[in-house]
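Chemist: Build me a model:
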Amino acid sequence: MKKLLTALAAAAALTSAVAAQAAETVTVAATAVPHAEILEFVKPALAKEGVDLKVKVFTDYVQPNVQVAEGRIDANFFQHQPYLDEFNASRGTQLVSIAGVHVEPFGAYSSKIKTLADLAQGAQVAIPNDATNGGRALLLLQKAGVIKLKDGASITATPKDVAENPKGIKFRELEAATLPRVLDQVDLALINTNYALEAGLNPTKDALAIEGSDSPYVNILVVREQDKNKDGLQKLAKALHTPELKAFINEKYKGAVVPAF
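Modeler: As a prediction, the model looks like this:
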């Protein structure tokens, strides 16, 4: 009997070892909130599918794409399609989306005023300095009636495209990740929701202006073109489209992050 138990234990250990070896590792670059949190939520389900998900947190919007393009990381999860399109065009990369996951309504925040009507003449307004998010900020200010852009201005608009600026706003273009830290140094800051959440801001309560739920800027799972059909990445894409994840997003972020599937 003792020999039998020993043999069974050895067989079980061997089976576990084989299963561990068979698990496919998928490494994803993500910003901390909400992207890494969402990935951590789907991690147990992926483990049951034979995928060992590794989440690597980044604080910028450049390196996640660079490292995926260079094949050092399998995928990234932090950006929307307009940003990816601009990155591919400017860097000559061939990164593609394999899943649209959620929308983070972009917002305008201030520690000095309570409404946009309170903006003073010559107010300093900080916006992201990357091509698409800077344009997105300007489009939100236009929608709120603060400025008017030239006809045809789009997601790539810059302060040079401002046609009407009745309050003489002075724009400061800064790296997106730094905007929450300068909130007390400017009159208004246009901040991506992931960075707003990290800074303890509640977009649905603290934003003086915010995109609607119809925002076209869906955050996407991005991979190299040649990797898009890999089994582990397809399993990850599927895990990011489950009813369980939708319920998690709705419960945890309460409208600050909106499922897009």
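Chemist: show me where the stretch 51-200 of the chain has strands.
Modeler: Secondary structure of the stretch 51-200 of the chain (DSSP state E, counting those that start in this stretch): strands at 51-58, 75-80, 95-103, 107-109, 124-128, 148-149, 162-164, 170-174, 188-191.
Chemist: out of those, nearest to Val68?
Modeler: Closest approach to Val68 among the strands of the stretch 51-200 of the chain (Cβ to Cβ): strand 75-80, 5.1 Å. Using the backbone N, CA and C atoms, a C-beta is placed for each residue, glycine as well.
Chemist: Paired strands for that closest one, with orientation please.
Modeler: Take DSSP bridges as the rule and strand 75-80 pairs in its sheet with strand 24-31 (parallel), strand 218-224 (antiparallel).
Chemist: In JSON lines: the strands of the stretch 51-200 of the chain, plus mean neighbour count, distance to Leu39 and mean pLDDT.
Modeler: Listed next are the strands of the stretch 51-200 of the chain as JSON lines, based on neighbours: other Cβ atoms under 10 Å; distance: least, Cβ to Cβ, whole Å; pLDDT from 0 to 100:
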{"stretch": "strand 51-58", "mean neighbour count": "18", "distance to Leu39": "5", "mean pLDDT": "98"}
{"stretch": "strand 75-80", "mean neighbour count": "26", "distance to Leu39": "6", "mean pLDDT": "97"}
{"stretch": "strand 95-103", "mean neighbour count": "20", "distance to Leu39": "10", "mean pLDDT": "97"}
{"stretch": "strand 107-109", "mean neighbour count": "23", "distance to Leu39": "23", "mean pLDDT": "98"}
{"stretch": "strand 124-128", "mean neighbour count": "23", "distance to Leu39": "23", "mean pLDDT": "98"}
{"stretch": "strand 148-149", "mean neighbour count": "16", "distance to Leu39": "36", "mean pLDDT": "98"}
{"stretch": "strand 162-164", "mean neighbour count": "13", "distance to Leu39": "38", "mean pLDDT": "98"}
{"stretch": "strand 170-174", "mean neighbour count": "16", "distance to Leu39": "27", "mean pLDDT": "98"}
{"stretch": "strand 188-191", "mean neighbour count": "27", "distance to Leu39": "22", "mean pLDDT": "98"}
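Chemist: Please tabulate those strands in TSV and include distance to Lys235 as additional columns.
Modeler: Listed next are the strands of the stretch 51-200 of the chain as TSV, based on distance: least, Cβ to Cβ, whole Å:
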stretch	distance to Lys235
strand 51-58	5
strand 75-80	12
strand 95-103	11
strand 107-109	33
strand 124-128	33
strand 148-149	42
strand 162-164	46
strand 170-174	38
strand 188-191	33
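Chemist: To Glu37, which of those lies closest?
Modeler: Judged by Cβ to Cβ, the one of those that comes nearest to Glu37 is strand 51-58, at 9.3 Å.
Chemist: ok and that closest one relative to strand 24-31, angle-wise?
Modeler: 20 degrees (axes from the mean of the first three to the mean of the last three Cα atoms, to 10 degrees).
Chemist: Strand 51-58 - contacts with which helices or strands?
Modeler: strand 24-31, helix 37-48, helix 231-239 (3 or more Cβ pairs under 8 Å, 6 or more residues apart in numbering; DSSP states H and E).
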